[in-house]
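1. I would like to see how this sequence folds:
(one chain, ligands or ions: 1)
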Amino acid sequence: MGKIWSLLFLLVLIGGVGCFLVAPSYNLTLPQDVSSHGHAIDHLYVFILVLTGVVFVATQAVFFWFLWKYDAANNREPVKYTHGSHTLEIVWTIIPAATLLFIALYQMNAWASSKMRMPNILPTVEVSARQFEWRLRYPGPDQILGTRDDLFHVNDLHIPVNEEILIDLKSQDVLHSFFLPNLRVKQDAVPGMKIPVWFKATETGSYDIVCAELCGWGHYKMKGRLVVQSRQDYDRWLQEMYKAQAQTASPPASEEDN
Ligand SMILES: [Cu+2]
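-> I've put the predicted structure just below:
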């Protein structure tokens, strides 16, 4: 009976590794990266995945082998107990500590470029999260955010391709998280704070905006669209939006878009 149990644990090992091997052919790995900094983040992801993968395989294999070898049915000798090993404890403390320290240093540049080295440009758009939508505020023709000619829009974020984008991220109610899976961008929106978020999209197209923080009953539907356009298309879109907004007496800030 013990042997069957040990085979079950071997199955966990085979199944776990197997999942990762077949995942790419079913498109179950990371979504397509269309950002300038994404490769650094993906590299860290894969690095840590391999590291933890090797440890997983090793521990599962040892686990299986011990269950197999020391099956109670075949081992009639009394169990021998040991009481601690100072050397072993030092070794298994130092190895994880050194590994974590290495990761902390190794990831510093990726972190700094996506969270610390803010580009010195004017904000492209203000994104204000609320239950359960993304309120967008673009600077008007005067190019300055926060003035009377600003453009208001909901859930449909347009940006130009291959240009540095700076977003002022806010929340109007509770904690939300602004997540652009294809751009490897994820940032909490915190009530009372204006948090800068920057990135550069490298391919035109339509991508998801998702809320990555359980923010209430309608969290699941807090989904927006990121449209990456050429500079010309983006400018044209802005002009059309300016025109449409000018025609209505009040800004369409309360429109529902879902
Ligand atoms: Cu939310």
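2. where do the helices sit along the chain?
-> For the chain, helices defined by DSSP state H occupy the ranges 2-22, 38-69, 86-106, 108-115, 231-247.
3. what pLDDT does the residue nearest the centre of the chain get?
-> Closest to where the C-alpha atoms of the chain average out (CA atoms, centre = their mean) is Lys186, at 4.9 Å. Predicted confidence (pLDDT) for Lys186: 96.
4. Would you enumerate the residues in contact with it?
-> Residues in contact with Lys186 (CB atoms under 8 Å, 6 or more residues apart in numbering) are Ser177, Phe178, Phe179, Leu180, Ala212. Backbone N, C-alpha and C define where each C-beta goes, glycine included.
5. what's the farthest-apart pair in these?
-> The two members of the contacts of Lys186 with the most space between them (CB to CB) are Ser177 and Leu180, at 10.7 Å.
6. And those two? Which one has more around it.
-> Leu180 (24 against 19; other CB atoms under 10 Å).
7. so how far is the ion from that one?
-> Here the criterion is CB to the ion, to the nearest Å. By it, Leu180 lies 14 Å from the ion.
8. per-residue confidence at that residue?
-> So Leu180 comes in at 97 (pLDDT).
9. Now do the contacts for it.
-> Lys186, Phe199, Tyr207, Asp208, Ile209, Val210, Leu226.
10. so how far is Cys211 from the residue nearest to the centre of the chain?
-> To Cys211, Lys186 is 10 Å away according to CB to CB, to the nearest Å.
11. shared neighbours, those two?
-> Common contacts of Lys186 and Cys211, defined by CB under 8 Å, 6+ apart, comprise Ser177, Phe178, Phe179.
12. Tell me the residues of this protein that contact the ion?
-> The chain has residues His176, Cys211, Cys215, Met222 near the ion, with proximity defined as CB under 5 Å from the ion.
13. who touches Thr124 in this structure?
-> Tyr138, Ile159, Ile165, Leu166, Ile167.
14. Tell me the one of those nearest the ion?
-> Ile167 (15.7 Å; CB to the ion).
15. Now that closest one: closest residue in space, sequence neighbours ignored.
-> Closest residue in space to Ile167, ignoring its immediate chain neighbours: Val197 at 4.4 Å, by CB to CB, 6 or more residues apart in numbering.
16. Alright, calling it a day.
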